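[1] Pasting a predicted model and its sequence here:
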Protein chains: 2
Amino acid sequence: MGKKLTLDEVFDLAKACMLANGCDEANSDAVARTVTNAERDMCLSHGLFRVPGYAGGVKSGVARGTARPVAKRIAPGLIAVDGDGGPAPLAIQTAHEAIIPAVREQGIVAASINDIFHLSALWPEVEPLAEQGIVAMACCVAGSYVAPAGGTKPLFGTNPFAFGWPRKDAPPAVFDQASAAMARGEIQIAQRDGHSVPEGTGIDKDGKPTTDPTAILEGAQLAFGGYKGASLAMMVELLAGALVGGKFSYETSVDVGNGPTLGRHSEVIIAIDPARFGGDGFLDRGEELFDKILSQEGTRLPGERRFNNREITSREGVDVPQSLFDSLLELRG
Amino acid sequence: MGKKLTLDEVFDLAKACMLANGCDEANSDAVARTVTNAERDMCLSHGLFRVPGYAGGVKSGVARGTARPVAKRIAPGLIAVDGDGGPAPLAIQTAHEAIIPAVREQGIVAASINDIFHLSALWPEVEPLAEQGIVAMACCVAGSYVAPAGGTKPLFGTNPFAFGWPRKDAPPAVFDQASAAMARGEIQIAQRDGHSVPEGTGIDKDGKPTTDPTAILEGAQLAFGGYKGASLAMMVELLAGALVGGKFSYETSVDVGNGPTLGRHSEVIIAIDPARFGGDGFLDRGEELFDKILSQEGTRLPGERRFNNREITSREGVDVPQSLFDSLLELRG
């Protein structure tokens, strides 16, 4: 049971909530577009669910609702975007606008995006680039919940890494995955429902392996695939923290009114123009690999589920839980 | 029981084996240096153990022992190294020589290395760059043993990904890890010794999870961390295969006399000059993170074990199994 909304209604509601809480037109538009795209793809945990966090961030002053992000070319291949303390979506849009001409000229560019308030998924960073024929990867720090390899205490963020590959006559292949074995929200749901979680999800506060969600939430999460995932989580800290002058996961946490979340932090996008590298063949070659993957029963390409969901939501709209809808109406005032 | 050799003796033996099998001075030097560095770090599976493969590759004509790799700047930020069909080490050296001045100028560059015969670890691709203050990542395809996410048949290679980060007054932090959950060689050793392997290592030929090494070797290996590792394996195929005009894992396999190995293939290195990005602070910031990691008991930094091994091998030399030593003497003629 909930409220049925069209995607236009999702956008309008999200935008109104941002405007009512001190966000200006440009930032409200950008947040609402990001949120609507998530609802469109049925990524509910990054859709309207995030609006109270974004609005609370602006209202509390953690995020600047009137931010004007600026992109600066600091080297032929490097772009530094100053997010001006605002919600991330406008800064990401600013980064994309700077990356696209630069990467066609250079072949490869990296962009830092500093001083942003980021509560969304990471695929919106790479997918619009892949839609323009650009191969892209992105990473950012996140809540400090994951133990380093061999360690027992939380240190690394859940640190997502995203990758996008342009396809021929099809939406791009895009993955966006946390370095943590399991999303914190899923562990919390298992706790609420009294379920155990798979081995490898986390350790208790003494560093012992456990499948008890409560013990893990009091202890530490583990990276996916053991020490290899922990290496990736460390790499993300180094790239999105040290490389670009950003913060490490353990340095940024705030409460904007609905539990602890990240404060202002940073991210990195690396973009490559494949047309400058391998010639035109890369698109066909990608399809050859995808055909091989899909010829095995049970497989699908990363992002495929989201793209299929678009057909459903564009036709049928989205279901918003009544409690979330009510809280958004209240937020909108 | 085996033969004790100094690192100089390792180098001379490896070089003599290459020279005796049709490899010229420059390529023999480069292969011998790579092999010696692996022995120095006690990476035995990539040390002298690989010389019969390299020598067999050249002798059989799969690899060109007189290759002259050439680096070409194909865009401001892109370098294409034509390996000329030779053993990889000389081409990698050529790539490094082209990358270092280019990345200091551009801030970021990517280099493709095509048409190489690669039997080594991947850390030699990133470590020499990190030693010059350059952040680097590298990946290449490998033997086609790993099933795609949800699939049941081998397709992806074990596809290593390596990352190097320069440190202050210390050897760089470097990891080099396969996308496969377990090295094929380890599964073969478990088979030989009658041990089972951990869950998540692989599936049998019907796609069912198993811990039986024989069933996995007849079935398919799995990526580390399930579908997330499989995403990374796919990314490596796309980057080192499609992006740079190289081959996919499943397209390249030869037998040079000691079992199936890769034929000529490609790899990618991405290098970033952190001094152009975040200023001088990145080194100190990296150390702050490393201090946090190392403050937890049981942790170490990636690469640390190799660096510690150097002190041992420089003092005591290395132990070469008698059977390997004998076969190298035979190879040297």
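    Yes, it's here. Numbering: from 1, shown residues only, chains lettered A, B, ... in the order given.
[2] helix or strand for A:R73, which one?
    For A:R73, the element it lies in under DSSP states H and E is strand A:70-75.
[3] contacting residues around the residue in the stretch 201-333 of chain A positioned nearest to chain B?
    Proximity to chain B, evaluated over the stretch 201-333 of chain A using C-beta to the nearest C-beta, is greatest for A:G225 at 2.7 Å. To be clear about C-beta, it is placed using only N, CA and C from the backbone, and glycine gets the same treatment. Residues in contact with A:G225 (C-beta atoms under 8 Å, 6 or more residues apart in numbering or on different chains) are A:A181, B:A181, B:A223, B:F224, B:G225, B:G226, B:K228, B:G229.
[4] quick one on the thing from earlier: the strand holding A:R73 pairs with which strands, and in what direction?
    Sheet pairing for strand A:70-75, assigned by DSSP bridges, gives strand A:78-82 (antiparallel).
[5] Secondary structure element for the residue of the stretch 201-333 of chain A closest to chain B, which one?
    Applying DSSP H and E as the criterion places A:G225 outside every helix and strand.
[6] Distance from the chain centre to the strand holding A:R73, please.
    The gap between the average C-alpha position of strand A:70-75 and the chain average comes to 23 Å, counting by C-alpha atoms, centre = their mean, to the nearest Å.
[7] residues making contact with that strand?
    Strand A:70-75 is contacted from outside by A:79-82, A:84, A:94-95, A:97-98, A:102, A:111, B:106-108, B:273, B:276-277, using C-beta under 8 Å, 6+ apart.
[8] hmm, which of the residues you listed are the buried ones?
    Neighbour counting over the contacts of strand A:70-75 (16 or more other C-beta atoms under 10 Å in any protein chain shown) leaves A:79-82, A:84, A:94-95, A:98, A:102, A:111, B:106-108, B:273, B:276-277 as the buried ones.
[9] And the lowest mean pLDDT element among the helices and strands of chain A?
    Comparing every helix and strand of chain A by mean pLDDT, DSSP states H and E singles out strand A:260-261 as the least confident one, with a mean of 72.
[10] Restricted to strands, list the buried ones among the contacts of strand A:70-75.
    When DSSP state E is applied, the buried ones among the contacts of strand A:70-75 are split such that A:I79, A:A80, A:V81, A:D82, A:A111, B:I108 fall in strands.
[11] Report the beta-bridge partners for the first one.
    The residues listed as beta-bridge partners of A:I79 by DSSP bridges are A:R73, A:A111.
[12] Not including adjacent chain positions, what is the nearest residue to the residue of the stretch 201-333 of chain A closest to chain B?
    Sequence neighbours aside, B:G225 is the residue nearest to A:G225 in space, at 2.7 Å (criterion: C-beta to C-beta, 6 or more residues apart in numbering or on different chains).
[13] Now the one you found, what are its backbone angles?
    Recorded main-chain torsions at B:G225 are phi 70, psi 30, according to degrees, to the nearest 10.
[14] Show me the contact partners of stretch A:231-239.
    With contact meaning C-beta under 8 Å, 6+ apart, stretch A:231-239 is reached by A:139-141, A:146, A:148-149, A:156-161, A:179-180, A:223, A:248-249, A:268, B:135, B:137, B:163, B:165, B:173, B:175, B:177, B:286, B:289, B:293, B:302.
[15] ok now that stretch, how far from the chain's centre?
    16 Å.
[16] now do stretch A:269-282
    24 Å.
[17] neighbouring contacts of that stretch?
    By C-beta under 8 Å, 6+ apart, the surrounding residues in contact with stretch A:269-282 are A:95, A:99, A:103-104, A:106-111, A:113, A:125-126, A:129, A:133-138, A:166, A:283, A:285, B:74-75, B:78, B:80, B:108, B:110, B:112, B:242-245, B:270.
[18] Which secondary structure state is assigned to A:A271?
    For A:A271, the secondary-structure state derived from DSSP: H, G, I helix; E, B strand; the rest coil is strand.
[19] Which residue ranges of the stretch 151-300 of chain A form strands?
    Residue ranges of the strands in the stretch 151-300 of chain A, as given by DSSP state E, counting those that start in this stretch, are A:156-157, A:161-165, A:173-177, A:202-203, A:209-210, A:220-221, A:254-255, A:260-261, A:265-272.
[20] Can I get the longest one in PDB, CA atoms only?
    This points to strand A:265-272. Only the C-alpha atoms of strand A:265-272 are listed here, as PDB (Å, rounded to 0.1, in the frame of the first residue of the first chain):
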ATOM      1  CA  HIS A 265      33.500  14.800   0.900                       C
ATOM      2  CA  SER A 266      35.100  14.100  -2.500                       C
ATOM      3  CA  GLU A 267      35.000  11.800  -5.500                       C
ATOM      4  CA  VAL A 268      37.000  11.000  -8.600                       C
ATOM      5  CA  ILE A 269      35.900  10.200 -12.100                       C
ATOM      6  CA  ILE A 270      38.300   8.800 -14.800                       C
ATOM      7  CA  ALA A 271      37.100   9.100 -18.300                       C
ATOM      8  CA  ILE A 272      38.600   7.600 -21.500                       C
END
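[21] Determine how far that strand lies from the middle of the whole chain.
    Between the mean C-alpha location of strand A:265-272 and the chain-wide mean there is a distance of 12 Å, by C-alpha atoms, centre = their mean.
[22] Now do it, average pLDDT.
    If you average the pLDDT over strand A:265-272, you get 96.
[23] do stretch A:317-327 as well
    On average, stretch A:317-327 scores 96.
[24] List of residues touching that stretch?
    The contact list for stretch A:317-327, computed with C-beta under 8 Å, 6+ apart, reads A:1-7, A:9-10, A:39-40, A:42, A:47-49, A:52, A:328.
[25] quick check, A:I92 in a helix?
    Yes - applying three-state DSSP, one finds A:I92 inside a helix.
[26] quick one: contacts for it?
    Residues in contact with A:I92 (C-beta under 8 Å, 6+ apart) are A:A30, A:T34, A:I113, A:I116, A:P124, A:E125.
[27] Using TSV, lay out those residues together with pLDDT and secondary structure.
    Output for the contacts of A:I92, formatted as TSV (pLDDT from 0 to 100; DSSP: H, G, I helix; E, B strand; the rest coil):
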residue	pLDDT	secondary structure
A:A30	98	helix
A:T34	97	helix
A:I113	97	strand
A:I116	96	strand
A:P124	97	helix
A:E125	97	helix
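[28] A:G57: which of those is nearest?
    Distance ranking of these against A:G57, using C-beta to C-beta, places A:I116 first at 10.6 Å.
[29] what mean pLDDT would you report for stretch A:179-198?
    Here the average pLDDT along stretch A:179-198 is 92.
[30] which ones are touching A:D212?
    Here A:D212 is in contact with A:S196, A:V197, A:D204 (criterion: C-beta under 8 Å, 6+ apart).
[31] Neighbour count and distance to B:Q322 added to the residues you listed, as JSON lines?
    Converted to JSON lines, the contacts of A:D212 look like this (neighbours: other C-beta atoms under 10 Å in any protein chain shown; distance: C-beta to C-beta, whole Å):
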{"residue": "A:S196", "neighbour count": "13", "distance to B:Q322": "51"}
{"residue": "A:V197", "neighbour count": "21", "distance to B:Q322": "49"}
{"residue": "A:D204", "neighbour count": "17", "distance to B:Q322": "48"}
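[32] Those into TSV, with extra columns for distance to chain B?
    Below are the contacts of A:D212 laid out as TSV (distance: C-beta to the nearest C-beta, whole Å):
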residue	distance to chain B
A:S196	16
A:V197	14
A:D204	15
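[33] hang on, the earlier thing: export the strands of the stretch 151-300 of chain A to TSV and tack on mean neighbour count?
    Below are these laid out as TSV (neighbours: other C-beta atoms under 10 Å in any protein chain shown):
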stretch	mean neighbour count
strand A:156-157	31
strand A:161-165	26
strand A:173-177	25
strand A:202-203	24
strand A:209-210	17
strand A:220-221	26
strand A:254-255	14
strand A:260-261	16
strand A:265-272	26
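[34] if I read this right, A:V109 contacts A:P101, doesn't it?
    No - the pair A:V109 / A:P101 is not scored as a contact, 9.7 Å apart, by C-beta atoms under 8 Å.
[35] Which of those two has more residues huddled nearby?
    For A:V109 against A:P101, the residue with the higher neighbour count under other C-beta atoms under 10 Å in any protein chain shown is A:V109, and the figures read 30 against 10.
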